[in-house]
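>>> return atomic coordinates for the entry below.
(chains A and B)
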Amino acid sequence: MDLLEYQGKQLFARHGIPVPDGRPARTVDEAVAAAKEVGFPCAIKAQVKIGGRGKAGGIKIASDEGEARTHSAAILGMDIKGFTVHEIWIEAASQIESEYYASIVFDRGAKAPLIMLSTQGGMDIEEVADTNPGAIATLHVDPLLGFQDFHGRRLAFDAGVDADLVRPVGAFLHQLYGTFVAEEALLVEVNPLIVTPERTVAALDAKVTLDDNSLFRHPDNANLRDPSDEDPQEQMAHERGLTYVKLDGDIGILGNGAGLVMSTLDVVAHYGGAPANFLDAGGGSKAEAITSAVEVILSDEKVKAVLFNIFGGITRGDEVANGLIEAFKTLKPSVPFVVRLDGTNDVEGRKILADANLPNVTTAATMDEAAQKVVALAKGEVPA
Amino acid sequence: MSVLIDNDTKLVVSGITGREGTFHALNNRRYGTNVVAGVTPGKAGQDVEGIPVFNTFRDAVTNTGANVAMVFVPPRFAADSILEAADAGIPLVIAITEGIPAHDELRVYTHLQRTGTRLVGPNCPGILSPGKANVGIIPASFFKEGNVGVVSRSGTLTYQIGNTLAQAGFGNSSIVGIGGDPVPGSSFIDIIELFQADDQTELIVLSGEIGGDAEERAADYIAENVTKPVVAYIAGFTAPPGKTMGHAGAIVSGSKGTAAAKAEALESKGVRVGRTPTEVADIAMDILGK
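Now for the predicted structure:
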């Protein structure tokens, strides 16, 4: 789960990381009130989960109440790369002498947290990473040992941090690592990490990704999920405990197991079709889950045909077949279905389907055959 | 032979008194796996259809000589259960549980590197050595004994590929699910090393998917260390960037971890990559000359 900047900053603040004073707002009036509280000049910042908002005009400085009103009215509702701005963050403007960069990523390849530090922070850090990777100091931390003070010194000296800032930057990284571990983050990124004229450091931005699997230990963080930024179908699937990803095509896909579903999308594309979604009904797909899944798939109006690809392990073919029959009873779909059932209780499942004689349902023996049939049906052809 | 589990396996199941744990422990026993014990804290003295239950892994090992552990407990207890099994000196732990927090996995992985315990999984279907033993949830009836070793990040995709191979007349030495999480206990390389050393295995099938760089690392390892033929499959060519495709580890981050890059890395090292599961079987037939 990705957090908005201000949610990340509030998380940082709880762990003692210096951040500018700020308030979130959803309306112009709230924004003006917040601006008066933090004082002028203040920064008005669009809260969207996409980079490049500064260049898109989503960050403005207000020097008085009138500007706070104009700028927040302009930014609220703005579209930034397809993301609508529903919330803004009003924060006291900072004096900036230099812009550094700091981040910690969950490095799955190295199987350790990776800390990165650079004195060349700001908007073009990606370019620095590409053209001058030596300007970014890196270090892996042993997850059982944790962050040690020397890690901070080494990174600061390697990155060429000014001598008087080695200690505060090290302390900042220590707190950032503490946040990363305590909140079970997969990414914490601060860009820019600013140096003020008083030679202190603070996080002027915050990008945080949390591990969904750990949210049971962090109920406050779990509440930060914002259903409104999910696609409506994805939201519906999420509420029903299904794993669904919306895609651009017109062939609805349901399978069991993430790998098999990914493979099904590929095989459909291989035969010239365009999948409308990824949907993993999960291990042990029960009738109720199948009905929910069909409902989610059909709620996408682009879908012209649906492919069920089931290879049962825990999942049983008879339960999938019964689920499909239930789904047809309640939803009465108008688009054709192709069903491929293999694995545990596949014979029983196929017999149940044959006996039910559902309208518009074709069966297939193999994944390739099923994919070819559904591609033909989506194009309005009669499958061979 | 086979890899990791065989007729000498003595299995202890953590979570054996839970619904899924009972079902699959008994299913594994029906296949012929020697299931010697279960562990559920507070339920020592009970039994599950004759399989004795102990409070701790230590008691289970002392009383039964268990040498493989299967972890079937919910995600919030799973890391602890894996560590307990390792602490009891069990050399192989197979974790089926899906949804273990990533930081838990990191700590477990790092700790196990310093012990003699190997972890397979989590979020995996387990291991099947056809004709010998089945530990986990792989539907064994689709597979027979043979000379193809399979290692995979996905469960159902393993069944799909294994079944396609079986229909083409191939059997398996062992099928090892390493799981779809970001920090798997065993990597492709760990398992390929075992298949390379295994007499029964003549061909290795690697089934990968988007996310991370495990396939790229395996490609380098294969080029340097593996003399047996390897056929690969990669799922997720059509996956959009930034979306987690079911498995916690299956995500294209920016331009990293794409299926195309993985297939290219493998092919550049001489590993043939099937574009569909059926094509994998075709390539295997071509190589083994059936």
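
>>> any low-confidence regions in the chain?
Since no chain was named, I'll use chain A. A:227-230, A:283-285, A:384 (pLDDT under 70).

>>> let me rephrase: I mean chain B.
In chain B, residues with pLDDT under 70: B:290.

>>> which stretches of it form strands?
Using DSSP state E, the strands of chain B run over residues B:10-14, B:34-39, B:47-48, B:51-54, B:68-71, B:92-95, B:118-120, B:126-129, B:133-136, B:145-152, B:172-177, B:203-209, B:230-235, B:272-274.

>>> next to chain A, which bits of the stretch 1-150 of chain B? Give me the list.
By C-beta under 8 Å from any C-beta of the partner chain, the residues of the stretch 1-150 of chain B that approach chain A are B:20, B:75-76, B:99-104, B:106-107, B:109-111, B:125, B:137-139, B:142. All C-beta spots, glycine's among them, are computed from the backbone N, C-alpha and C.

>>> right, and the helix or strand after the helix or strand containing A:D266?
A:D266 belongs to helix A:258-270 when elements are defined using DSSP states H and E. Heading C-terminal from helix A:258-270, the first helix or strand you meet, by DSSP H and E, is strand A:277-280.

>>> tell me which helix or strand comes right after that following strand.
Along the chain past strand A:277-280, the next helix or strand (assigned with DSSP H and E) turns out to be helix A:287-298.

>>> from A:K81, how far off is the residue of the stretch 151-300 of chain A at minimum distance from chain B?
Scanning the stretch 151-300 of chain A for the residue nearest chain B gives A:G259, at 2.2 Å (criterion: C-beta to the nearest C-beta). The gap separating A:G259 from A:K81 is 31 Å, by C-beta to C-beta, to the nearest Å.

>>> which one of the two has more residues nearby?
Counted by other C-beta atoms under 10 Å in any protein chain shown, A:G259 and A:K81 do not tie: A:G259 has more neighbours, with 31 against 11.

>>> rewinding a little: how far does the helix holding A:D266 sit from its chain's centre?
22 Å (C-alpha atoms, centre = their mean, to the nearest Å).

>>> other SSEs contacting it?
Helix A:258-270 sits against strand A:251-255, strand A:277-280, strand A:305-312, helix A:367-378, helix B:155-167, strand B:203-209, strand B:230-235, with contacts defined as 3 or more C-beta pairs under 8 Å, 6 or more residues apart in numbering or on different chains; DSSP states H and E.

>>> and the residue in the stretch 51-200 of chain B positioned nearest to chain A, how many neighbours?
Relative to chain A, the nearest point of the stretch 51-200 of chain B is B:S154 (2.2 Å; C-beta to the nearest C-beta). Neighbour count for B:S154, taken as other C-beta under 10 Å: 32.

>>> re earlier: in TSV: the strands of chain B, plus mean neighbour count and distance to A:V190.
Formatted as TSV, the strands of chain B follow (neighbours: other C-beta atoms under 10 Å in any protein chain shown; distance: least, C-beta to C-beta, whole Å):
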stretch	mean neighbour count	distance to A:V190
strand B:10-14	28	41
strand B:34-39	25	44
strand B:47-48	16	52
strand B:51-54	21	49
strand B:68-71	28	37
strand B:92-95	28	35
strand B:118-120	25	34
strand B:126-129	28	42
strand B:133-136	27	42
strand B:145-152	24	38
strand B:172-177	30	38
strand B:203-209	27	32
strand B:230-235	28	35
strand B:272-274	20	40
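
>>> A:G121: which of those strands is closest?
Checking the strands of chain B against A:G121 by C-beta to C-beta gives strand B:203-209 as the closest, at 34.3 Å.

>>> also compute the angle for that closest one relative to strand B:230-235, please.
20 degrees (axes from the mean of the first three to the mean of the last three C-alpha atoms, to 10 degrees).

>>> so what are the sheet partners of strand B:203-209 and their directions?
Paired with strand B:203-209 in the same sheet, following DSSP bridges, are strand B:145-152 (parallel), strand B:230-235 (parallel).

>>> close to chain A: what parts of the stretch 151-290 of chain B are there?
Neighbours of chain A within the stretch 151-290 of chain B, by C-beta under 8 Å from any C-beta: B:152-160, B:163, B:180, B:182-183, B:207, B:209-210, B:212-214, B:217, B:233, B:235-240, B:243-250, B:259, B:275-278.

>>> taking those residues, please make a ChimeraX selection of just the buried ones.
Listed next is the ChimeraX selection for buried residues among those, using 16 or more other C-beta atoms under 10 Å in any protein chain shown:
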select /B:152,153,154,155,156,157,158,159,160,163,180,182,183,207,209,210,212,213,214,233,235,236,237,238,239,243,244,245,246,247,248,249,250,259,276,277,278
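
>>> helices along chain A, start to end?
Assigned by DSSP state H, chain A shows helices spanning A:5-14, A:28-38, A:65-75, A:125-131, A:149-159, A:166-182, A:219-222, A:232-239, A:258-270, A:287-298, A:317-331, A:346-356, A:367-378.
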